[in-house]
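[1] When you get a sec, could you give me coordinates for this:
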Amino acid sequence: MKKKKEVERLNKEIERILAEAVRQQKKAGQKVKVDYELSAKFSDNKGKLPWPVDNGVIVEKFGQSYHPVFKNVKLPFNNGVNISTSRNAKALCIFDGIVKQILVMPGYNQCVLVQHGNYFTLYCKMKGLSVKAGDKVKVGQALGTIDTINGQTQLHFEVWKGSAPQNPEQWLR
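    Residues are numbered from 1 along each chain as shown. Reported below is the predicted structural model:
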């Protein structure tokens, strides 16, 4: 139940942040510029983007899933994937962009939201961040260390097009 609330809280907060970013971009006369060239380059790389960890395996998939034992119990919708990796692994930026925001969420520790034109990537369950809001980041750059929570070292990773979640597995090579 606690995990469900944490997932729902993260989903709502990310949706709020992205909806606000899209709203700002649409405002007439607004000075917020979308880098459409960067968006096109990001879009052109669908299925070719590097993994956000040096080594890992997806342990929770994107979308709706059900409890492994109680088959009729729906788990919260996963807007991303959870990637199990080694202790003290670094979360790596998958594409050039700008750090839009740093979030701290219960159950997800520190999260980094990176903007790539009108695309966004989110990296959660981190500690010891090496970036801050406003930083320009490059593909492969370490964003911080993935934290070990309850004995598990997992990166929660999301890809968004505007305010619509995307299946990260379709974007990564």
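[2] Which elements pack onto the helix or strand bottoming out on mean pLDDT in the chain?
    The weakest-scoring helix or strand in the chain, judged by mean pLDDT, DSSP states H and E, is helix 2-26 (a mean of 82). Helix 2-26 makes packing contacts with strand 97-105, strand 109-116, strand 119-127, strand 152-161 when contacts are defined by 3 or more C-beta pairs under 8 Å, 6 or more residues apart in numbering; DSSP states H and E. Bear in mind the C-beta positions are built from the backbone N, C-alpha and C, glycine included.
[3] Same list, those strands, but as CSV with mean neighbour count, mean pLDDT and distance to Val69 please.
    Output for those, formatted as CSV (neighbours: other C-beta atoms under 10 Å; pLDDT from 0 to 100; distance: least, C-beta to C-beta, whole Å):
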stretch, mean neighbour count, mean pLDDT, distance to Val69
strand 97-105, 17, 94, 27
strand 109-116, 23, 95, 27
strand 119-127, 23, 97, 24
strand 152-161, 22, 97, 19
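[4] Make CSV out of the ones you listed and add distance to Asn79.
    Listed next are the helices and strands packed on helix 2-26 as CSV, based on distance: least, C-beta to C-beta, whole Å:
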stretch, distance to Asn79
strand 97-105, 13
strand 109-116, 12
strand 119-127, 8
strand 152-161, 5
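[5] out of these, which comes closest to Glu37?
    Of all the helices and strands packed on helix 2-26, strand 109-116 sits nearest to Glu37, with 10.8 Å by C-beta to C-beta.
[6] Residues touching the closest one, excluding its own?
    Strand 109-116 has contacts (C-beta atoms under 8 Å, 6 or more residues apart in numbering) with 10, 14, 17, 21, 35, 38-39, 42, 91, 93, 95-105, 120-127, 129, 131, 137, 143-144, 147, 149, 156.
[7] As CSV, could you dump the C-alpha coordinates of stretch 115-124?
    Output in CSV follows, covering the C-alpha atoms of stretch 115-124 (Å, rounded to 0.1, in the frame of the first residue of the first chain):
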residue,chain,number,x,y,z
GLN,A,115,14.7,18.1,-21.1
HIS,A,116,15.7,17.2,-24.7
GLY,A,117,13.6,19.7,-26.7
ASN,A,118,10.0,18.5,-26.2
TYR,A,119,11.1,15.2,-24.8
PHE,A,120,12.0,14.5,-21.2
THR,A,121,13.8,11.7,-19.4
LEU,A,122,13.5,11.1,-15.7
TYR,A,123,16.1,9.2,-13.5
CYS,A,124,15.0,8.3,-10.0
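[8] Many thanks, have a good one.
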